[in-house]
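[1] A structural model of the following input is requested.
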Amino acid sequence: MFLSLNNGESVSIDVRRRKGTRHLRLSLNHSNQAVVSVPWRCSDREALKFIETQRDWLEAQLAKVPRARSVVDWLTEHPHLTGSGDRFTVRVESTERLRADYIFDQGGAEIVLRVPHQSDDADGALLALVRRFAKDAMLCRLAYHAKYLDLKFSKFSVRDQASRWGSCSSSGGISLNWRLVLVAPELQDYVILHELAHLTEMNHSKHFWGLLDQYDPKRQLHEAQLDAVTAAIMRVGRS
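    Next up, the predicted model:
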């Protein structure tokens, strides 16, 4: 379902019916898709009528937020990846190899992302490769911080969370958003330390924030810096 905008573009509409919901609500997700939550028995016609009443708000929001971008587009403009506490220059190459892979060049300062030239979906192949690098690099960084802090996590995964940077389960499993390889090293470390702090405090109590302040003395600065780039980076890989 799509809604035509006054500027000639169109926006995808996702209608979500929820039991127990009494009111209609409109929001914008990180794919720049309009999400309308409606009562269970609400018709599509009623939902569209409601969206029409919110057209001005929707267009104003779309004008303010960054656009959704492919990972190819992002790396072309921002050719860097973060891992193991470092920031690497990135070069993307087409290769005769059958499988995408990455290697280090320039004495370890540059990452070469090698994507098969015959791939039917070069964007998808590059995205999968960046996620593979993210898993390798952030597992090493997580293990490094956990060992330094004398903490133990049960398992690790890299995910494509819709809006969260990471999570920690009650069983000690830590998940991180693959897009953390797109932020500065200190911001990636902040999120890792945040999730490690949850191994001790599974909440956001004063004790948790006090513990995180010990892990990252600049955590308030890093929170502010991460907030400033979240809207743009959360839209990478969603085009």
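
[2] from the chain's centroid, how far away is the helix or strand harbouring residue 144?
    Assigned by DSSP states H and E, residue 144 falls within helix 122-149. Computed by Cα atoms, centre = their mean, to the nearest Å, the chain-centroid distance of helix 122-149 equals 13 Å.

[3] again with stretch 194-204
    20 Å.

[4] span of that stretch from start to end?
    Using Cα to Cα, to the nearest Å, the end-to-end distance of stretch 194-204 comes to 10 Å.

[5] what packs against the helix holding residue 144?
    Using 3 or more Cβ pairs under 8 Å, 6 or more residues apart in numbering; DSSP states H and E, the elements in contact with helix 122-149 are helix 71-77, strand 80-83, strand 101-105, strand 110-116, strand 155-159, strand 173-177, helix 185-197. Glycine gets a C-beta too; all of them are placed from N, C-alpha and C.

[6] next structured bit after the fifth one?
    Under the assignment DSSP H and E, the closest C-terminal helix or strand after strand 155-159 is strand 166-168.

[7] elements contacting that following strand?
    Using 3+ Cβ pairs under 8 Å, 6+ apart, strand 166-168 is in contact with strand 173-177, helix 185-197.

[8] can you put these in JSON lines and add mean neighbour count and distance to residue 114?
    Formatted as JSON lines, these follow (neighbours: other Cβ atoms under 10 Å; distance: least, Cβ to Cβ, whole Å):
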{"stretch": "strand 173-177", "mean neighbour count": "21", "distance to residue 114": "24"}
{"stretch": "helix 185-197", "mean neighbour count": "22", "distance to residue 114": "24"}
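
[9] as TSV, those with mean pLDDT would be great.
    What follows is the helices and strands packed on strand 166-168, written out as TSV (pLDDT from 0 to 100):
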stretch	mean pLDDT
strand 173-177	98
helix 185-197	98
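
[10] got those as TSV, with distance to residue 27 columns?
    Putting these into TSV (distance: least, Cβ to Cβ, whole Å) gives the following:
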stretch	distance to residue 27
strand 173-177	20
helix 185-197	24
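
[11] closest to residue 148 out of those?
    Of all those, helix 185-197 sits nearest to residue 148, with 9.8 Å by Cβ to Cβ.

[12] can you pull the domain assignment for the chain?
    Here the domain parsing of the chain from automatic domain parsing is 2-64, 71-233.

[13] just these: most buried one?
    domain 71-233 (a mean of 16; mean count of other Cβ atoms under 10 Å).

[14] for this structure, name the helix or strand with the lowest mean pLDDT.
    strand 2-4 (a mean of 79; mean pLDDT, DSSP states H and E).

[15] pull up the pairing partners for it, direction included.
    Strand 2-4 pairs in its sheet with strand 10-18 (antiparallel), by DSSP bridges.

[16] which elements pack onto whatever helix or strand comes next after the strand it pairs with?
    Next helix or strand after strand 10-18 toward the C-terminus (DSSP H and E): strand 25-28. Packing partners of strand 25-28 (3+ Cβ pairs under 8 Å, 6+ apart): strand 34-39, helix 55-64.
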